[in-house]
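Colleague: Got a predicted structure plus its sequence, pasted below:
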Amino acid sequence: MISLNEEQRIILNTVKQISREKIKPRAAEIDETGEFPWDTAKLFVENGILNPLLPEQYGGIGAGYLLFSLILEEIAKVCASSALLLIAQADGMLPILCGGTEALKDKYLPQLAEGKIAAFAATEPGAGSDILSMRTQAVKKGSDYFLNGRKCFITNGSIAHVLSVYAYTDRDKKSKGISAFVVEKGSPGFGYGKNENKMGMRGSINSELIFEDLRIPEENRIGREGDGFPNMMEALNTSRLFAASQAVGIAQGAIDEAVAYANQRVQFGAPISRLQAIQFMAADMVAQTEAARLLTYQAARYFDTNQKSQIGKFCAMAKFLATDTAMKVTTDAVQMMGGYGYMKEFPVERMMRDAKLTQIYTGTNQIMRMVAAREIFK
Ligand SMILES: Cc1cc2nc3c(=O)[nH]c(=O)nc-3n(C[C@H](O)[C@H](O)[C@H](O)COP(=O)(O)OP(=O)(O)OC[C@H]3O[C@@H](n4cnc5c(N)ncnc54)[C@H](O)[C@@H]3O)c2cc1C
């Protein structure tokens with residue numbers, strides 16, 4: 001169905017191996033403690049995949065979007081939080097790669113392959129789906145900007161070294177008045193609020209960011225003044241593809257667990273996998289996951305072949321189909337495993353909690369349907 005070259009096959013096999021041997025055994029502990037898995041980040045650096053989309057000149061491996069999707073899927077099968085680590089890293093990096101000057105790319109991108117952590121900061125307490133109602137503002141004085149405002153829910157927020165941050169430079173211009181900036185951890189005027197306590201995906205950190213007269217040199221603006229909104233949308237499209245890939249991985253991971261369990265759980269004198277009720281549930285789970293997988297790969301191919309007119313619609317459709325599928329499949333996996341599925345001793349309850357987030361972040365599935373419908377009826 002997909003043809004990979006020799007190098008891509010080697011990369012993917014390595015990812016499969018580290019997922020099985022190193023990431024899977026850590027998944028329950030990461031979920032339990034809610035701590036950022038620095039050891040996993042180090043493992044990704046050692047294997048050259050902390051930022052696989054980065055071109056080689058910046059220290060990456062120049063993976064295409066399909067290969068990155070496959071990498072995310074493999075990791076999410078065993079630990080969705082670890083896949084989110086890579087997604088957040090790409091989300092924070094892509095605004096710079098897509099819109100930054102050569103000097104900005106040279107300064108920040110190599111660090112993001114070497115172990116420095118990135119974040120993407122758009123959402124605010126009063127601006128989620130309605131992102132244009134953001135209040136964060138960057139006012140220019142001389143050759144510097146001064147940033148004031150607050151962001152929330154930001155993945156990697158309080159641990160990130162390099163953040164792509166969106167702010168109004170001219171509120172009257174609405175979407176044409178937003179600009180993007182690179183902000184560094186430790187800058188004077190950059191503070192943190194709380195880290196959130198979440199239902200799932202607990203191995204990632206989500207933070208409030210507080211900017212008080214934070215000085216940003218002009219050269220840290222990404223692109224021209226007013227270019228922030230298209231830059232944000234470009235990053236969000238990719239992020240929707242990544243969420244879809246992650247969701248396909250979560251669904252597949254739950255299927256693998258539930259099928260193995262059903263084959264060995266004996267009730268009424270035979271494995272429950274012999275029961276038609278269980279078989280039909282499994283058939284639906286697998287068919288729905290395969291359909292989501294194919295749509296997700298198609299969206300990735302549109303990126304790799306630069307078919308811009310298809311990207312927005314297919315990323316939105318893949319995102320809502322794959323993440324709704326992950327929610328349904330993980331819930332069914334818990335059901336298939338009965339009481340044991342509900343216990344933390346087995347991973348499917350974690351997968352169900354993790355799946356819920358994929359329906360919400362990087363644009364809710366209601367908003368994804370609106371994006372797709374807009375394209376369909378235009
Ligand atoms: C764990 C987590 C990690 C996140 N990471 C990041 C990050 O790294 N960077 C970042 O910038 N943001 C991040 N976000 C923010 C995320 O993208 C937003 O939560 C999401 O876009 C929804 O915004 P909201 O939570 O304010 O919900 P709201 O926009 O308030 O939506 C509430 C409900 O109303 C519905 N709704 C809203 N508007 C409409 C409409 N016009 N039509 C139909 N239904 C509508 C929504 O679908 C939803 O069901 C993260 C969020 C979470 C929970």
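Modeller: Sure thing, it's come through.

Colleague: For the helix or strand encompassing A326, which helices and strands make contact with it?
Modeller: Remark: A326 resides in helix 308-336, with elements defined by DSSP states H and E. For helix 308-336, the contact count by 3 or more Cβ pairs under 8 Å, 6 or more residues apart in numbering; DSSP states H and E identifies helix 228-264, helix 276-304, helix 338-342, helix 348-358, helix 365-376 as packing neighbours. Yep, even glycine has a C-beta here, placed from its N, CA and C like the rest.

Colleague: Tell me what angle the second one forms with helix 228-264.
Modeller: Interaxial angle, helix 276-304 versus helix 228-264 (axes from the mean of the first three to the mean of the last three Cα atoms, to 10 degrees): 150 degrees.

Colleague: How far off centre is helix 276-304?
Modeller: Averaging C-alpha positions (Cα atoms, centre = their mean, to the nearest Å) puts helix 276-304 19 Å from its chain's average.

Colleague: swap in stretch 155-174?
Modeller: Counting by Cα atoms, centre = their mean, stretch 155-174 comes out at 17 Å from the chain centroid.

Colleague: In CSV, list the C-alpha atoms belonging to it.
Modeller: Once non-C-alpha atoms are left out, stretch 155-174 reads as follows in CSV (Å, rounded to 0.1, in the frame of the first residue of the first chain):
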residue,chain,number,x,y,z
THR,A,155,2.1,21.8,25.3
ASN,A,156,5.7,21.8,26.6
GLY,A,157,5.0,25.5,27.6
SER,A,158,7.0,25.7,30.9
ILE,A,159,9.8,23.4,29.8
ALA,A,160,10.3,24.6,26.2
HIS,A,161,13.5,26.4,25.3
VAL,A,162,12.3,27.9,22.1
LEU,A,163,8.6,29.0,21.5
SER,A,164,6.8,30.2,18.4
VAL,A,165,4.4,32.8,19.9
TYR,A,166,1.5,34.6,18.1
ALA,A,167,0.4,38.1,19.0
TYR,A,168,-1.4,41.1,17.5
THR,A,169,0.9,43.8,16.1
ASP,A,170,-2.2,45.6,14.7
ARG,A,171,-5.5,44.5,16.2
ASP,A,172,-7.6,46.7,13.8
LYS,A,173,-6.3,44.6,10.9
LYS,A,174,-7.8,41.4,12.5
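
Colleague: now check that stretch, is it near the ligand?
Modeller: Yes. Stretch 155-174 is in contact with the ligand by Cβ under 6 Å from any ligand atom, via T155.

Colleague: Please apply the same query to stretch 126-136.
Modeller: Yes. Contact between stretch 126-136 and the ligand, assessed by Cβ under 6 Å from any ligand atom, occurs at 128-129.

Colleague: Now that stretch: buried residues?
Modeller: Within stretch 126-136, the residues that qualify as buried are 127-128, 131, 134, 136, counting by 16 or more other Cβ atoms under 10 Å.

Colleague: Looking at those, which two lie furthest apart in space?
Modeller: G128 and T136 (13.7 Å; Cβ to Cβ).

Colleague: low pLDDT regions in the stretch 51-200 of the chain?
Modeller: Along the stretch 51-200 of the chain, no part satisfies pLDDT under 70.

Colleague: Report the closest residue of it relative to the ligand.
Modeller: Here the residue of the stretch 51-200 of the chain nearest the ligand is G128; by Cβ to the nearest ligand atom that distance is 1.7 Å.

Colleague: which one of the helices and strands packed on helix 308-336 lies closest to the ligand?
Modeller: The ligand lies closest, by Cβ to the nearest ligand atom, to one member of those: helix 365-376, at 3.4 Å.

Colleague: how about the CA coordinates for that closest one, as PDB?
Modeller: Only the C-alpha atoms of helix 365-376 are listed here, as PDB (Å, rounded to 0.1, in the frame of the first residue of the first chain):
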ATOM      1  CA  ASN A 365     -13.600  18.100  15.600                       C
ATOM      2  CA  GLN A 366     -16.600  20.400  15.300                       C
ATOM      3  CA  ILE A 367     -14.200  23.100  13.900                       C
ATOM      4  CA  MET A 368     -12.600  20.400  11.600                       C
ATOM      5  CA  ARG A 369     -16.000  19.600  10.100                       C
ATOM      6  CA  MET A 370     -16.500  23.300   9.500                       C
ATOM      7  CA  VAL A 371     -13.200  23.600   7.800                       C
ATOM      8  CA  ALA A 372     -13.900  20.500   5.600                       C
ATOM      9  CA  ALA A 373     -17.500  21.800   4.800                       C
ATOM     10  CA  ARG A 374     -16.200  25.200   3.800                       C
ATOM     11  CA  GLU A 375     -14.000  23.500   1.200                       C
ATOM     12  CA  ILE A 376     -16.700  21.200   0.000                       C
END
